[in-house]
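In: model this:
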Amino acid sequence: MSSPRFGRVLTAMVTPFTPEGEVDLVAVAGLARRLVDDGTDGLVVNGTTGESATTTDDEKSRIIETVVDAVGDRAHVMAGVGTNDTRHTLHLARAAQAAGATALLVVTPYYNKPPQAGILAHFRAVADATELPVVVYDIPGRAGVAIESDTLIAMAQHPRIVAVKDAKGDLWESTRVMAATELQYYAGDDGATLSQVGQGAVGVIGVTTHVAAARYQELVRAAETGDRDRAVELHRSLVPAVDAVMNITQGAIMVKAALAELGYITHAGVRPPLVAATPQQRGAVAAGLAASGLQRAEAAL
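Out: Next up, the predicted model:
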């Protein structure tokens, strides 16, 4: 396995808000420090879990600056800059570089369903726009279109397109790209981490990693070193937590509820059209964390 360019475990970080719905930069910095203390190698800010759809461009830049100031000397700070407008994406990419990000996460242009030639041109334009390495985010369930393997293979010819966050759900196609390129793969679905690492991915860019970074680190290293039994044991131990965070309702809603349960944040509010977790959902996430053995003590490791 090649050395992971951005580390093994990255967290797609939430954006804490005040009770009034404003970005809480003090809480952003505190959460960033806590996540790195817990064992995450890098933070992805302004992604879907960070509610990028409802933060302004200025807020995005201030979030990056805040996280870089808080942990930039200890962790990678990757900025989500993808939109379904290439010009806007280029603007966000340049702003992210100016704010201090060390890499860009770029999702497939969503909703307008560009052809593969348009997808390829989009990613090449973003890679040409800054000096930062680009991680391709392939998530057809949200984007409405998958990036075909041949398109990914063509992207890999660009020196700054270096990795893929893979949430396609097609392990064989991921294998084809890994076999044909030097792109580093990261599991983009928390539950697929073991399967992806087992076939050559270097790690995970996750959401449940907010509350279980140390365990994901151990899981990836066990798989990496051939300790199959331990890797499977860790993978299965995370089932209740992953189900609670990822499979009840939208992930940002539930992971904020989980973070509040563990004392990482004090306010679990989200911006409309998202709505905060219900009491029943908060109870479910608490039960899932407990069933996975994720208490405040482990969160503080």
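
In: pretty sure T11 is in a strand, no?
Out: Yes. Counting by DSSP: H, G, I helix; E, B strand; the rest coil, T11 is located in a strand.

In: Tell me, how many residues neighbour it?
Out: Using other CB atoms under 10 Å, T11 has 32 neighbouring residues. Using the backbone N, CA and C atoms, a C-beta is placed for each residue, glycine as well.

In: Repeat that for G269.
Out: 19.

In: who's in contact with it?
Out: 17-19, 21, 256, 276 (CB atoms under 8 Å, 6 or more residues apart in numbering).

In: next one: L219
Out: Per CB under 8 Å, 6+ apart, neighbours of L219: 193-194, 197, 231, 234-235, 238.

In: Now for it, which secondary structure element holds it?
Out: Using DSSP states H and E, L219 sits in helix 209-224.

In: From the contacts of L219, list just the buried residues.
Out: For these, a burial check counting by 16 or more other CB atoms under 10 Å picks out 193-194, 197, 231, 234-235, 238.

In: In three-state terms, label V136 for me.
Out: strand.

In: I figured it was touching A163, is that so?
Out: Yes. Using CB atoms under 8 Å, V136 is in contact with A163, at 7.2 Å.

In: what touches both of the two?
Out: With CB under 8 Å, 6+ apart, V136 and A163 have common neighbours L183.

In: List buried residues within the contacts of G269.
Out: Using 16+ other CB under 10 Å, the buried ones in these are 17, 256.

In: Out of the contacts of G269, the closest to A79 would be?
Out: Nearest to A79 among the contacts of G269, counting by CB to CB, is F17 at 18.7 Å.

In: Please give me every residue in contact with the closest one.
Out: Applying CB under 8 Å, 6+ apart to F17 gives the contacts 23-24, 267, 269-271.

In: Compute the distance between it and A252, please.
Out: 11 Å (CB to CB, to the nearest Å).

In: Next, show the common contact partners of those two.
Out: V270.

In: ok, now which ones touch G203?
Out: With the criterion set at CB under 8 Å, 6+ apart, G203 makes contact with 4, 6-10, 41, 186-187, 193, 197, 220.

In: Mind checking which of the residues you listed land in strands?
Out: Among those, the residues falling in strands (DSSP state E) are 9-10, 186-187.
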